[in-house]
Structure formats: structure tokens, C-alpha cells
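Chemist: only the shape, not the letters, is given here:
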């Protein structure tokens, strides 16, 4: 799950307030597996961001972020895709509110996926892009991985907690496991 | 969506804190469509609670409630089912974390469903019961409706915001629209 | 389910052979709910064909047809969409092979949906169109219905067996029940 | 996909007729991933059959078989589960007709999965067993694999065409990828 950045907070939630809220209730998140399609409309590649994590290491991550108060899940998807992939990515937002899976991130390691900052319940969607994505802000690079690369154990080992399973689940859902 | 009751808060979140949090971030909820199956394993009836709403009226509602901090979605489903339907309902919790739909409730009327208390993002699951359900606490009655009754416009008009659409969607998902 | 037409048979299956096969095994079909999206990418309208049925009456039907020997489900979707809606409809074929539901049509009335010609098992998909659809061949007209019209009982009563439930299920799946 | 056996044909379809039909139209199949649940209702293990294939080798396969003329998909699931796992397996048939995926098997190698006998379109379901399964007829053994074993590349390499991907997809669908 990506780091929360200043522009994600909104004027109505100070960092202190966000810290408080995060210790009280689970946060609603979206995780996005962005894909490019081939001429037949099948998944050709999966977009994965390279990020500098808070401890200075490099890790691979999906587009991900919080749903804000009074924001719809669709609007949150559009906002995080534009924030991470730029305004020319032209995502096809999902027709159905049903996510392909739900990922649960807990602040204590052990059960489910791990996010030291918070307890998050994340709705995961597959989103084809019609345009050109360009990594923004704190993302170093956007790598387009073939289905075989995306499920390669060495590449999956570089992903942040939970995102490897989301990529495999998304490819399984599309019938495109290599 | 059901009213929040004292036992739902947990020791770590006072009513004031909950009020504060509810104005800051969307709440994670679960909505459950409880069903009884016939001998062939098909949906025979849908369980709907009769509740006294805060304005003193009577309305029909599904089993519904908040996911607590550090609680898994499955544990929240089990807790709310036991709280509303008693310890002998013997629910079959879902095998997959994928909900059949996601319902969004906003505090301002107009878009999506309405919940004056909060913005809630609710994961909706269909849950068969193997045992005997008995309404608990503030529920007056549990009615078992046939699929035809459950989509009857007069009965659906008595349901709280969003729950009529959830019942129809659940029956459509099972291929049991009358 | 649409009538089988001569161009649907292929050179390898004479009408006699098709009659024989249809009395021996279930046929693999696809049913398509074609939709147009609004600027936000949500379902704005559902495309329903007006057809002359074999008994001379008029009925409403979805795009539908048989999957041929050695043809993939995706190719069958593309072929039937082009056959019924023309080459400029520009359908977005589904990313996942998972249908939103499966409809079963039996030659004997009573259980499930009815198709006097055959036993068919039909995979149902929701397909957004980016282009302009024009009814072809034996379809008289293509009507674009709003979600409210598409679930209106009077309009649904004009649909061939099973297609009313498919339209309602498709709209429920998209979270767009009126 | 399992071999067709004599008891699968029914009185109305001779071996010659079945051979003829199989060269004319795709066959409707079901593939089943049988699972045992732990006390929390989560997938504990996946049931995989050990079979002698027609060339005398040994391979691992899921419960699988043809849907007969005039037979519902649910009845076909029940029949194949009883035929392969015995009458005491007590399967929980799916509530929804929606399969977790659709597998396509073609008689010519190259695209999709391969079945030299036929073109088959198979609806894949996850089915928990409440009872005791015992392999029947031509199955040598039923192995219960943990999720980690079931996705192990060496074990998956022993599975018949397509079934390894179905097992991974089923586990992904349940959120139980190891």
C-alpha cells in the first residue's frame, strides 16, 4: 500500500487527526492493478510502480490509496490513478462496484497482510489503461511486466505486503495465468 | 444499515470519539443477506429484520454493522450475525472475501444510498444459515420472505436505504429472481 | 435466445446434423447485455433488439448465439455482436472469462428458461459499446433503454424467455438498479 | 478433464453418436475444485484425484465431466461429485450459477487448454465437502493438498491440461494463495 502523502489528506484532516483516526477504525482503501491490453483486448502487461519506502529501500507497489470522506469508490480510483500515473493514462474505471477481491492489512504482523501504519480494508480492482501512463511524484518508475514476469517469485518478492497476491489474483481472474 | 449500539463500540472508542471519526473518514461496514436453503441447496427464503428506527417508525433491514479496528471482515460477519440472529443461527461464512456487491452510504442525500450518521462503504455478502435464527436485542422480528416477496415493491418500500437493492442483487446473483 | 440463422451453422454442420446434435447434447451459447456508458463510465442504457419470432410475433431479445466448434467464447462474442449490431459497434470484450451469470434454457417448459429448439447453457456477459450500433439482418430495431425502462415489468414482459432476468441481473451486477 | 466412461453416456447417445457430436459442437463441461474447510470455514485443503490416463501414465486431475442433455448444471455437479468421490462426500453445491472461471479446452494444441477428444467449455466451481470422500472407479487415489502444496510447481506439473491453473485460480478467488 502506498505511503499517504500530503495531498491525500484533504483540508479537513490534519496529520494528527489522521493518526488518531487510524488507531480507532479501519481505513477504506482501493488497490488497483493497472493493465495494458493487446489488440484482442486481453491483458498484455501489468503496471507496477517502483517506490522508495520510508526506510529508504526500494519496493514494487500497485496504485493504492485511501477513500476520502464523502468520496465515492469510483472517484477515489480516478484520483489515485491520476495521482500515480498522470492525467494521460485514460483509465477505464470498472463497470461494477464488485472488486475482484478484498485485501485486509493489519498493523500487527501475523494475520493477513501487513501495514505498520494502520488497519486497512482495500477493495481491489483491475483497470485497463487506454492512454499513456507516466509515474508521478514519489514513484521512481512504472514497469510494465508481462503476465509471466508479474508472477515470477523473484519479482513478487520485491513487492510490498499483499501486492504480489493481488497481482496473481488479478491475472487468475482474467484467465491469464502464464 | 443498523443502528450502532453500545456493544458495538468497544472500549477503545467512546461515543464522542466515534462521532469525531465518523465525520472524518468513511466507515467500513458489512451488509449480510441471510438466506435459508431448500433441500436442493437453493435459496428458499431471505431473512429480513423488523426494527424500530430512531424516529420511532418501523422499518425492514438486513443484518449490518461496522468492522472494528483490528477485526477481520469474517469476524465482523460472525459477530453481527450472532448479535442480530442469536448463537444458534449457524451461518456458513463466505469462502471468498469477494463481496457480491459494495454499497456506499453517504450522509448527504442525493447520490447513492443514505445514512444520516456517516459515510459508510459496505461489503455485502450472502450467508446461508444452517441453524435457527432468533431476533436479538432491538430487532422486533425476523421475517423469512420468499424470493417473490423479497422483491415485491411494497415490501421493498419498507426497507431502509439501500437494502432493497441489496436483496434484489443477492437474488439476481443466485439466479433466483422470481 | 435468438433464432439460429444460416450463417451461424458453418460449412461443417448441415441443418439435419444440427437438429440431430441439438437432441443429444446441450449447446454452448453466449448471451450479451450490450450497454452504452455515460461520461463517468456508468451504464446509461441497455441495448435490446426487436425481433420477429418464428410464430410471427414481435419480441425483445438480447444479442445471443451459439459458440461454434473450435471457436473461443471471446470470438463467439465478437461474431454475434458484429452480426447483430454491425461492424461499427466497437464492443469492449470482457477482460475475464467469468460470466456475470449462467442461463440454462430447456426444451421442455417448467424448469429454468425455455427454448423449444434445444437445451442451451449460456454464458452471459455485459459488453459496453464504444461505437455506433445498427441492427442487422432479422432484427427490426435496436432500442436503447434506460435502467428504469429496462426493468419495467411491461417492457420485461415483451422479452424472450430468460432475457428479462438477464437484464435485471446485469444491472444489479453494475450497482445500477433504479 | 476426466475420461468419459460408459455410465456417463446415457441411453440416448451411443459411443458412435458421441464421437460424431464431439466433432460438431463444443461440449458443456463442469470442473470442480473440491475443498475441505477448517474450523473457521476457510479452505484447509484441495482434493485432487490420481488417475491412470489413456496412455498408461499417471496424472492428477480435478472432478470433471460432461453436462448431459436435459440435465441442469447443478445436477451435473452432484452426479460427477458422487461418481468420483462417492455418496458420502456431502458436497455443498454452489449458491450461484456464476462459475469462478470458465476453462476452454481445444482438440488442437496451441491455444487455451488441450483435450484431444473434443472442444469443451467448462464451468469451474469451488465445492466444499462436509462428509468423507472416497475415490471411486478409475481414480487410484484422492489426495488432499494444502494450499502451498496445491500451487507447488512440481505438483502442478503432474496435473492434466488446465487443472493447475484452475487450482491456482480457485485459491486466489478464496484469498488463500500461500
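Modeler: Nice, thanks for sending it over. Here the structure is a predicted model, which is why all the values come from computation and not from measurement.

Chemist: which residues are in contact with stretch A:137-147?
Modeler: Stretch A:137-147 has contacts (C-beta atoms under 8 Å, 6 or more residues apart in numbering or on different chains) with A:3, A:5, A:36, A:43-52, A:58, A:60, A:83-85, A:133-135, A:155, A:171, A:176-178. Quick note: C-beta positions are derived from backbone N, CA and C, even for glycine.

Chemist: gap between it and the chain center?
Modeler: Between the centre of stretch A:137-147 and the centre of its chain there are 12 Å (C-alpha atoms, centre = their mean, to the nearest Å).

Chemist: for it, the averaged confidence score.
Modeler: Across stretch A:137-147, the average pLDDT comes to 88.

Chemist: show only the entries of the contacts of stretch A:137-147 found in helices.
Modeler: Mapping the contacts of stretch A:137-147 onto helices (DSSP state H) picks out A:83-85, A:155, A:171.

Chemist: any idea which of those residues is closest to chain B?
Modeler: Distance to chain B, by C-beta to the nearest C-beta, is smallest for residue A:171 among the ones in helices among the contacts of stretch A:137-147, at 15.6 Å.

Chemist: what number of residues lie near the closest residue in space to residue A:13 that isn't next to it in sequence?
Modeler: Once flanking residues are discounted, residue A:13 sits nearest to residue B:24: 5.5 Å by C-beta to C-beta, 6 or more residues apart in numbering or on different chains. By the measure other C-beta atoms under 10 Å in any protein chain shown, the count of residues near residue B:24 is 20.

Chemist: check contacts around residue B:24.
Modeler: Counting by C-beta under 8 Å, 6+ apart, residue B:24 has contacts A:12-13, A:17, A:21, A:69.

Chemist: try residue A:25
Modeler: Residue A:25 makes contact with A:119, B:13, B:21, B:25, B:27-28, B:66, B:68-69, according to C-beta under 8 Å, 6+ apart.

Chemist: got CSV for those residues, with pLDDT, distance to residue B:147 and secondary structure too?
Modeler: Output for those, formatted as CSV (pLDDT from 0 to 100; distance: C-beta to C-beta, whole Å; DSSP: H, G, I helix; E, B strand; the rest coil):
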residue, pLDDT, distance to residue B:147, secondary structure
A:119, 95, 37, coil
B:13, 78, 38, coil
B:21, 89, 38, helix
B:25, 94, 37, coil
B:27, 96, 30, strand
B:28, 98, 29, strand
B:66, 96, 29, strand
B:68, 95, 33, coil
B:69, 94, 37, coil
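
Chemist: quick check, nearest of the residues you listed to chain C?
Modeler: Comparing the contacts of residue A:25 against chain C with C-beta to the nearest C-beta picks out residue B:28 as the nearest, at 17.8 Å.

Chemist: does the closest one touch residue B:121 like I think?
Modeler: Yes - using C-beta atoms under 8 Å, residue B:28 is in contact with residue B:121, at 6.3 Å.

Chemist: between those two, which contacts overlap?
Modeler: Contact criterion C-beta under 8 Å, 6+ apart; residues bridging residue B:28 and residue B:121 by contacting each: residue A:28.

Chemist: do the helix or strand where residue A:126 lies and chain D meet?
Modeler: Using DSSP states H and E, residue A:126 maps to strand A:120-128. No - applying C-beta under 8 Å from any C-beta of the partner chain, one finds strand A:120-128 separated from chain D by no less than 10.3 Å.

Chemist: what's that strand packed up against?
Modeler: Counting contacts by 3 or more C-beta pairs under 8 Å, 6 or more residues apart in numbering or on different chains; DSSP states H and E, strand A:120-128 packs against strand A:27-37, helix A:73-85, strand A:101-106, helix A:163-173.

Chemist: for residue B:89, which of the ones you listed is the nearest?
Modeler: strand A:101-106 (23.1 Å; C-beta to C-beta).

Chemist: packing partners for that closest one?
Modeler: Going by 3+ C-beta pairs under 8 Å, 6+ apart, strand A:101-106 lies up against strand A:113-114, strand A:120-128, helix A:163-173.

Chemist: so the helix or strand bottoming out on mean pLDDT in chain A, near chain B or not?
Modeler: In chain A, no helix or strand scores lower on mean pLDDT, DSSP states H and E than helix A:15-22, which sits at a mean of 86. Yes - applying C-beta under 8 Å from any C-beta, one finds helix A:15-22 in contact with chain B at A:17, A:21.

Chemist: what residues sit buried inside that helix?
Modeler: A:18, A:21-22 (16 or more other C-beta atoms under 10 Å in any protein chain shown).

Chemist: in TSV: those residues, plus distance to chain C.
Modeler: Output for those, formatted as TSV (distance: C-beta to the nearest C-beta, whole Å):
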residue	distance to chain C
A:18	28
A:21	27
A:22	28
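
Chemist: nearest to chain D, of the residues you listed?
Modeler: residue A:22 (23.3 Å).

Chemist: show me what contacts that closest one?
Modeler: Contacts of residue A:22 by C-beta under 8 Å, 6+ apart are A:117-119.

Chemist: can you rerun that using 6 Å?
Modeler: Going by C-beta atoms under 6 Å, 6 or more residues apart in numbering or on different chains, residue A:22 touches residue A:118.

Chemist: before we move on, what about residue A:120?
Modeler: So residue A:120 contacts A:27, A:29, A:105 (C-beta under 6 Å, 6+ apart).

Chemist: look up how far residue A:83 lies from the spatially closest residue to the last one that is not a sequence neighbour.
Modeler: Read that as residue A:105. Leaving out its chain neighbours, the residue that sits closest to residue A:105 by C-beta to C-beta, 6+ apart is residue A:115, at 3.8 Å. Going from residue A:115 to residue A:83 by C-beta to C-beta, to the nearest Å gives 19 Å.

Chemist: which element follows the strand holding residue A:126 toward the C-terminus?
Modeler: Assigned by DSSP H and E, the successor of strand A:120-128 is strand A:139-145.

Chemist: buried ones in that following strand?
Modeler: Here strand A:139-145 shows A:139, A:142-145 as buried, counting by 16+ other C-beta under 10 Å.

Chemist: can you list the strands that it pairs with?
Modeler: Strand pairing for strand A:139-145, using DSSP bridges, gives strand A:43-52 (antiparallel).

Chemist: angle of the strand it pairs with against helix A:73-85?
Modeler: 70 degrees (axes from the mean of the first three to the mean of the last three C-alpha atoms, to 10 degrees).

Chemist: residues in contact with strand A:43-52?
Modeler: Contact with strand A:43-52 is made by A:34-36, A:38, A:59-61, A:139-146, A:150, A:174, A:176, as judged by C-beta under 6 Å, 6+ apart.
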